[in-house]
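**Student:** turn this into a structure:
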Amino acid sequence: MTVICRLLLFVFALSISPAPVSAAALEFQKPQSRWEVSWLAQFYNRDFVQITGQNIDWSNPPFLTATADIDGDPGNPAIFVLRQHRDFCGAQNCTLHVWHYDEPTGSAPGAGDYVRALEVFVAGAVALGDMGPNGLQDIWLGENLWRWNGSTYIRP
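**Tutor:** The predicted structure follows:
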């Protein structure tokens, strides 16, 4: 095989590589605002108590969060919740939930609610990719691409 053929094969392989090209890594942190703590308590407190037998210690919460605009509309960012309690983690990974604000077409502004768009075990970086074909940004979990199909995130 000639050098030019090898070079062309290498360039072709790079062009179909699954690695994110323009992915922006999310930065997770402890919940910061009263709204965020209230929202998390609403969706996670009962589940946490049932599984662990403990109340959430909000001075050291069992998860980290990040927010990001994944739909291009201002307001109501997506909420990424990375659970970190041992009862919600495997040997090397933990549960990640992605919540997307869904406002039904034709409804009054603010008439929507957050719905869980993804639940998956993750070990590694969480990053946003390009805007997908169905209106929400792609999500990269390490080297794995997740794409919005109109109702949930799936592996394409």
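**Student:** show the subsequent helix or strand relative to the helix ranked longest in the chain.
**Tutor:** If you go by DSSP state H, the chain has its longest helix at helix 34-52. Next helix or strand after helix 34-52 toward the C-terminus (DSSP states H and E): strand 63-68.
**Student:** next secondary structure after that following strand?
**Tutor:** strand 78-83.
**Student:** same for that following strand, what does it pack against?
**Tutor:** Helices and strands touching strand 78-83, by 3 or more Cβ pairs under 8 Å, 6 or more residues apart in numbering; DSSP states H and E, are helix 34-52, strand 63-68, strand 94-102, strand 113-122. Just so you know, the C-beta spots here come from the backbone N, C-alpha and C atoms, and that holds for glycine as well.
**Student:** so for residue 135, which of the ones you listed sits nearest?
**Tutor:** Among these, the nearest to residue 135 by Cβ to Cβ is strand 94-102 (10.2 Å).
**Student:** any buried residues in that closest one, and which?
**Tutor:** Buried residues in strand 94-102, defined by neighbour count with 16 or more other Cβ atoms under 10 Å: 94-101.
**Student:** just stretch 126-140 next, same as before
**Tutor:** Within stretch 126-140, the residues that count as buried by 16+ other Cβ under 10 Å are 126-129, 132, 136-140.
**Student:** surely residue 81 is in contact with residue 94?
**Tutor:** No: the pair residue 81 / residue 94 is not scored as a contact, 10.2 Å apart, by Cβ atoms under 8 Å.
**Student:** what bridges to the most centrally placed residue in the chain?
**Tutor:** Among the residues of the chain, the one closest to the centroid is residue 98, at 4.2 Å (Cα atoms, centre = their mean). Beta bridges link residue 98 to residue 80, residue 118, judged by DSSP bridges.
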